[in-house]
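In: predicted structure and sequence below. I'll ask about it afterward.
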Amino acid sequence: MSGYEDLRRLLLAPEQARLDAQDSALAALEQAQADLPERLPGLLEQAGSGEARPRLEQALAPVVGSALGDAVRRDRRAIADALFPVIGPAIRRAVAESLRTFVADLNRALEWSVSPRAWRWRVEAWRTGTPFAQVVLKHTLSWRIDHLFLIERESGLLLYRRSAPELAELDADAIAGMLTAIGDFVRDSVGGDEAGQGGLASATVGEHLLQLYEGPAANLACFVRGTPPAELAERLRMALESLHAGHARDDDFDWGMAAEPLLGPVAGQRAEAAPARAPARWPFVLLVLAALVLMAGMAYGAWQRQQTEQRLRAAIDAVPGWELLALTPGPPWRVRLLRDPDADPLSALAAAAAVPAEAIVIEERPYRSLADLPEERRLLRALAPPAGVQLSVRDRVARLAGHADARWQAEALATLRAWPGLAGVDAGALTVGPDPLLLAEYEALRAASGDFVAEFARGRAELAPAAVDALAAQLLRALELARMLDRDLSFRIVGWSDEGGSEARNRILREARATAVRAALVAAGVPAGRVLAIVGEGPPARRAVAIEWVEESPR
Amino acid sequence: MTELARKICLLGDFAVGKTSLVSRFVRNTFSEKYLTTVGVKVDSRALTLADGRALKLVVWDLAGKSELDSMNRSYIRGASGLMLVADGTREASLRAALYLWMQTQKQLPGVPVVMLVNKLDLVDRWEVSAADLERLQQSLPTFRTSAMSGEGVAEAFALIGERVAGVAP
């Protein structure tokens, strides 16, 4: 064997030497890297404080980010637990900010309050520098903690408990368990995440409030009666965070021992509102009276409106040719109606309904009514009946009465029979020819005025101022009757003298007398074209003038 | 709390008598309606251990099911012991109880377990044979119980109490 070893050494000596050298180098390298874990923190500190820091950050950023993301995916709860002490204060700050906003809003809402008590609280708020709403809450809220349970999150076992001494004993262990079960049930029902976030936070039954505060290892359940202040929640959260901080430091953490100094003082907190004074009755009586007055006023207003509406409707119904479409109570009262152009004008409505004109707004639409009055007005305008003819419409029947000539009567009857909307025409009281009464009066006047009138002094042509007044009235009436009887009437004033004097002088005198009477008649209103002064021809007669009627009858 | 307290869960198939067993033994704070709504009812029972210590057993009575769902897995979290309940007149319920136990193994490895075979008052109609019970007894403590008479119930609770408190092996 020794020969073989010698031979082998001789053949492989260079190779062996090189391998030995590489072994030594490898051993030296491993020795150099063996203390790397010890030196790594120092190396990182050195790199982080020097110029190489940006490069180091750049190199580590993707690795750290990826590792953190992977850690969150693998064990979300551990990350949540680790962040719990950090997230808690941040959330509290956000909640406190929200509460401040809420208090500010409430403060504004209460600004209107002007009761003496509110003013006292305002003074207190001003004196103490606290928001008014906080002072109101302080004086009005009544609350107390009935039970405070610290419950192990995992098992639902009770870790610590404080209850108000006056309350009946209860199975706190079972309640803690059921609370945990219900919390799990709610979280599972609403799809809470694995880290246990998003579970039941509070529940309210009547005046009882259950508030639940969750921690990584233990939850806090607080049964409160009444409305607790926001500070209570703040204190409970802080206590829970302190407990978890202690739990994280101590493996043999005694929750009960640790909880007593933190939660004991909180559990004893309560606030009783100042005993309510017997409420004064006068505000209620005043309120009732005000309500009664208001109701009476409203009833009177409604009654007035009803009356006005009835008057308006009656006034509109009373006028033929007005048709009410809509009436909107006011004021202003809005009246929408149809009005026949031949009906009464709408300006009469306000007075007829006893409503101020400015309180009515009228919207008018034209239409043709078949009511008697507008129809009668339309027919009068269309037929223009002569004097002595009466035209009326009653129950949609046109009635003609009096005397008219045959031509007008024929035209009128033709028009009436063709008139739309008329139910009939009654012309039984219409006679053809002049009115006999008018004719008799006419003839009587002719007879009366045919005598000599206006006596004159001898050789004179002057008249007394009122000498022809009666004559002028007769002639004017005669002219009116002639028009009604359709006759063309004029007068001749014939001047006369007695037999004394020369013929030439008498002629002059006769003309002067006729002229004087004509002038007096014209001055009295007789149309000048209807009187002609002429000289009487013939033997002497009287110192007067005569009236001669000149007519062409019938035209 | 310095008082010793442990959480135990009652598991078993539908209508094996879990709730009747519990109602004879515990304080009965809550109505049974929670079983059909929330799926669990929690009660407590105070025990005195053999070494003289007081133990509060917080009993979670889970609604009868042949399989654990996610809700039940939430409810058994943190349990120190299990009580499996079967109906002696239904052999299938015994297998269901054992299957439920198997499903808890990953979440609750090594926790003390006792088996209660209920309805001893109807023993003449039992499907579960005495031989099966003997074999079962070798694997886990098994009690024949009657919710009607209360027979065997206190003993079962006493044993699970001793075991979760670490008094009994």
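Out: Structure received. Residues are numbered from 1 along each chain as shown, chains lettered A, B, ... in the order given.
In: contact partners of the helix-or-strand element of chain B with minimal mean pLDDT?
Out: Least confident helix or strand, chain B: helix B:33-37 with a mean of 79, by mean pLDDT, DSSP states H and E. Residues outside helix B:33-37 that contact it (Cβ atoms under 8 Å, 6 or more residues apart in numbering or on different chains): A:Met178, B:Thr19, B:Val40, B:Lys41, B:Asp61, B:Ala63. No exception for glycine: its C-beta is placed from N, CA and C like everyone else's.
In: and which of the residues you listed is nearest A:Leu29?
Out: The shortest approach to A:Leu29 among those belongs to B:Val40, at 62.3 Å (Cβ to Cβ).
In: correct me if wrong: the closest one contacts B:Tyr75.
Out: Yes. Counting by Cβ atoms under 8 Å, B:Val40 does reach B:Tyr75; the two are 5.0 Å apart.
In: quickly list what's touching both of the two.
Out: By Cβ under 8 Å, 6+ apart, the residues touching both B:Val40 and B:Tyr75 are A:Ala181, B:Trp60, B:Leu62.
In: let me know how buried the last one is, in neighbour terms.
Out: Looking back up the chat, that one is B:Leu62. For B:Leu62, the neighbour count with other Cβ atoms under 10 Å in any protein chain shown is 21.
In: pLDDT at the residue of chain B found nearest chain A, what is it?
Out: The nearest approach of chain B to chain A comes at B:Gly78, 2.7 Å away (Cβ to the nearest Cβ). With respect to pLDDT, B:Gly78 has a value of 93.
In: keeping just the C-alphas, turn the least confident helix or strand of chain B into CSV.
Out: Extracted as CSV, the C-alpha positions of helix B:33-37 are listed here (Å, rounded to 0.1, in the frame of the first residue of the first chain):
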residue,chain,number,x,y,z
LYS,B,33,-84.5,30.9,20.3
TYR,B,34,-80.9,32.0,19.9
LEU,B,35,-80.1,28.5,18.7
THR,B,36,-82.3,29.0,15.7
THR,B,37,-81.3,32.6,15.1
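In: neighbours of the nearest residue to A:Ala354 once chain neighbours are set aside, just the number please.
Out: Excluding the flanking residues, the one nearest A:Ala354 by Cβ to Cβ, 6 or more residues apart in numbering or on different chains is A:Arg311, at 5.9 Å. Here the number of neighbours of A:Arg311 (other Cβ under 10 Å) works out to 14.
In: tell me the secondary structure of A:Arg311, please.
Out: Secondary structure, DSSP: H, G, I helix; E, B strand; the rest coil: A:Arg311 is helix.
In: isn't it right next to A:Leu349, touching?
Out: No. With contact defined as Cβ under 8 Å, A:Arg311 does not reach A:Leu349; the gap is 10.1 Å.
In: follow-up on the earlier one: ok, for the residue of chain B closest to chain A, nearest residue in space, not its chain neighbours?
Out: A:Ser155 (2.7 Å).
In: that neighbour and B:Lys7 touch, don't they?
Out: Yes. The criterion here is Cβ under 8 Å, and A:Ser155 meets it with B:Lys7 at 4.5 Å.
In: who has more neighbours, the two?
Out: B:Lys7 (27 against 21).
In: quick check, that one in a strand?
Out: Yes. Per three-state DSSP, B:Lys7 lies within a strand segment.
In: show me which residues of chain B sit near chain A.
Out: B:1-2, B:5-7, B:26-27, B:29-30, B:34, B:38-44, B:56, B:58, B:60, B:70-71, B:74-75, B:77-80 (Cβ under 8 Å from any Cβ of the partner chain).
In: give me the buried subset of these.
Out: For the residues of chain B next to chain A, a burial check counting by 16 or more other Cβ atoms under 10 Å in any protein chain shown picks out B:1, B:5-7, B:26-27, B:29-30, B:34, B:38-44, B:56, B:58, B:60, B:71, B:74-75, B:77-80.
In: just the ones of these in helices?
Out: B:Tyr34, B:Met71, B:Ser74, B:Tyr75 (DSSP state H).
In: what's the farthest-apart pair in these?
Out: Of all pairs in these, the most separated under Cβ to Cβ is B:Tyr34 and B:Ser74 at 14.7 Å.
In: need the residues that contact the lengthiest helix in chain B.
Out: The residue-count maximum for a helix in chain B (DSSP H) belongs to helix B:91-104. If you take Cβ under 8 Å, 6+ apart as the criterion, helix B:91-104 is touched by B:11-13, B:16, B:65-68, B:76, B:82, B:84-87, B:111, B:113, B:115, B:117, B:127-128, B:132, B:136.
In: A:Ser490 should be in a strand, yeah?
Out: Yes. Assessed by three-state DSSP, A:Ser490 belongs to a strand.
In: isn't it right next to A:Glu551, touching?
Out: Yes. Applying Cβ under 8 Å, one finds A:Ser490 in contact with A:Glu551, separated by 7.4 Å.
In: count the neighbours of A:Ala447 for me.
Out: 10.
In: so who does it touch?
Out: Counted by Cβ under 8 Å, 6+ apart, A:Ala447 has zero contacts.
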